[in-house]
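J.: curious how this folds, go ahead:
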Amino acid sequence: MWSVVKSVLSALLGVQNDHQRQQDFSSGKPTVFILTGIAITFLFVLILVGVAMIASR
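T.: Residues are numbered from 1 along each chain as shown. Here you go, the predicted structure:
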């Protein structure tokens, strides 16, 4: 599971190398990567909302 999270975070930041990207596409189920990406994006948005609420006080 950690490798999927690491791969998704690298892809979101745009720093994933070509070898890792090809390895991700050849092994693993796409749904795992998609759901992990959605979860990480949701957590990122929640963090931004929390920071904005704290900053507006």
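J.: what packs against the helix or strand where Phe25 lies?
T.: Secondary structure assigned from DSSP states H and E places Phe25 in helix 18-26. Helix 18-26 is packed against helix 2-13, with contacts defined by 3 or more Cβ pairs under 8 Å, 6 or more residues apart in numbering; DSSP states H and E. Where C-beta positions appear, they are placed from N, C-alpha and C, glycine not excepted.
J.: returning to that earlier point: tell me the angle the helix holding Phe25 makes with helix 2-13.
T.: Helix 18-26 runs at 120 degrees relative to helix 2-13, counting by axes from the mean of the first three to the mean of the last three Cα atoms, to 10 degrees.
J.: how about helix 18-26: buried residues?
T.: Buried residues in helix 18-26, counted by 16 or more other Cβ atoms under 10 Å: Asp24.
J.: what pLDDT, on average, does it get?
T.: Mean per-residue pLDDT for helix 18-26: 83.
J.: other residues contacting that helix?
T.: 7, 10-11, 33 (Cβ atoms under 8 Å, 6 or more residues apart in numbering).
J.: by neighbours, which of those residues wins?
T.: Ser7 (20 neighbours; other Cβ atoms under 10 Å).
J.: list the contacts of stretch 5-13.
T.: Contacts for stretch 5-13 (Cβ under 8 Å, 6+ apart): 16, 20-21, 24, 33, 36-37, 40-41.
J.: switch the cut-off to 6 Å
T.: 16, 24, 36-37, 40 (Cβ atoms under 6 Å, 6 or more residues apart in numbering).
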